[in-house]
Structures are given as structure tokens and as C-alpha cells.
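> structure, please.
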Amino acid sequence: MILIAIFVLFAGWALFKAGNTPATGGQASAGDLNSLVGKPMPITQLFDKDGKPYSLDGLKGKNVVLFFNEGVMCYPACWNQVAQLGTDSKFNNQDTVALSVVTDQPSQWQQALQKMPDLAKATILFDQGGNVSRSLGLLTVASSMHKGSSPGHSYIVLDKQGVVRFVYDDPNMAINNDMISQKIAALNK
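Numbers count the residues shown, from 1 in each chain. Model (predicted):
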């Protein structure tokens, strides 16, 4: 009887786990993100603060850093990362642009801008409904503290033709400007 009970408990646990595994096959890893490298960026719908579609096609000819993050709820880590990208001249010049992507609503950023004025120097794009983040597997990366609803702290670097050249998911939520700028410098050689 004890063996049968153990078997039933184990089988029930296995079925529960199988039913709660995301359709993507589980938690995305850096290896999953690495599958993007060498391919054109598949983004179709990001929006600016006014709700207008924002096209990455208009950035061809520039290196692009996309920083997908948890947004407003991630204070101060994400805010600091977004502000640092927005104020760093290595990412805001004729050759390179940095874009921070959040799943928040634009209205949620008004209070954040008042609390941290340097955020206004960053270009923040809105992934309505998390559709782009979901399609890239960014809602289930190791750094996501709210799996399934917001991305973690992930960087995607595009070359001047819009091809993904580097990805990095950062569970430490650190300022990675130096590392990212080194990757971009390698692209320009």
C-alpha cells in the first residue's frame, strides 16, 4: 500500500509539472537566446510613448542595443540601467543607439520620470501586451523575476544591417555598458 501511495504521489507530481510547463519548453536560457544570433531581428511591433508604432528598420546603418527589462516595478535596478544607457555617449551617437523595452503602459513612466529625471534621456519603447518579449522567449529567461508577465534583464545587440550579433541575459541586474560597448566595438572592426 505504501508503494502504491508513493507511485500515485510521484505520478501526480509528474503530471502537475508537465501541465505547468510553458509551451516554449520551459524556462528560456542563454542558449535559447543564442538561437537569435546571426539572424535578422524579428521584431514587428514596438511603440513609442505616444502609442505610435516604432520601426527598427529606420535604424539600419546604426548598431542597436535593445535592453528588455522589467520596467517601472523594477526600482532601482532597471531604472538605473535604463538611465545609464540613455545618458552614455557610447550608445547615443551617429553609429549606435540604445533602446529600452518595457511591457508597462506609457502613463506608468510619468511618475518614474519625475522621480528619476535621467530616465527622460533614454529612449523607452513599449511592448504592448508583452507580445514581442514573449515571441523572443524573454518572459521566461533566468533573470525574469515575474516569469510569464515581464522580461528579465536581457540585452540584444544588432549590427548596422539589423542582424542580431550578441545576446546577454543578466540575472545580476548590473550596469553592463562597458561589456556591451566592447561587443559593439568588435562589430565595427
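
> quick check: bridge partners of the residue most central in space within the chain?
Taking C-alpha atoms, centre = their mean, the centroid of the chain lies closest to Phe68, which sits 2.1 Å from it. Beta bridges link Phe68 to Val101, Ser154, judged by DSSP bridges.

> right, and it touches Ser144 too?
No: the pair Phe68 / Ser144 is not scored as a contact, 9.5 Å apart, by C-beta atoms under 8 Å. Where C-beta positions appear, they are placed from N, C-alpha and C, glycine not excepted.

> mutual contacts of these two, please.
Leu138, Pro151, Gly152 (C-beta atoms under 8 Å, 6 or more residues apart in numbering).

> ramachandran coordinates for the last one?
Pointing back at Gly152 there. Dihedral pair for Gly152: phi -90, psi -120, per degrees, to the nearest 10.

> so Met116 sits against Trp79, correct?
Yes: Met116 is within contact range of Trp79, at 5.4 Å (criterion: C-beta under 8 Å).

> so which of those two has more stuff around it?
Between Met116 and Trp79, counted using other C-beta atoms under 10 Å, Trp79 has the larger neighbour count: 20 against 16.

> so that one versus Asp127, what's the distance?
17 Å (C-beta to C-beta, to the nearest Å).

> and Asp32, by the same measure?
Going from Asp32 to Asp127 by C-beta to C-beta gives 18 Å.

> what stretches of the chain score poorly on pLDDT?
1-31 (pLDDT under 70).

> what segments of it are helices?
Here the chain has its helices, by DSSP state H, at 2-19, 30-34, 77-87, 108-115, 131-135, 177-187.

> list the contacts for the closest residue to Leu136 other than its chain neighbours?
Among residues not flanking Leu136 along the chain, Leu36 sits closest, at 7.0 Å (C-beta to C-beta, 6 or more residues apart in numbering). By C-beta under 8 Å, 6+ apart, the residues touching Leu36 are Pro42, Leu136, Ile156, Val164, Val167.
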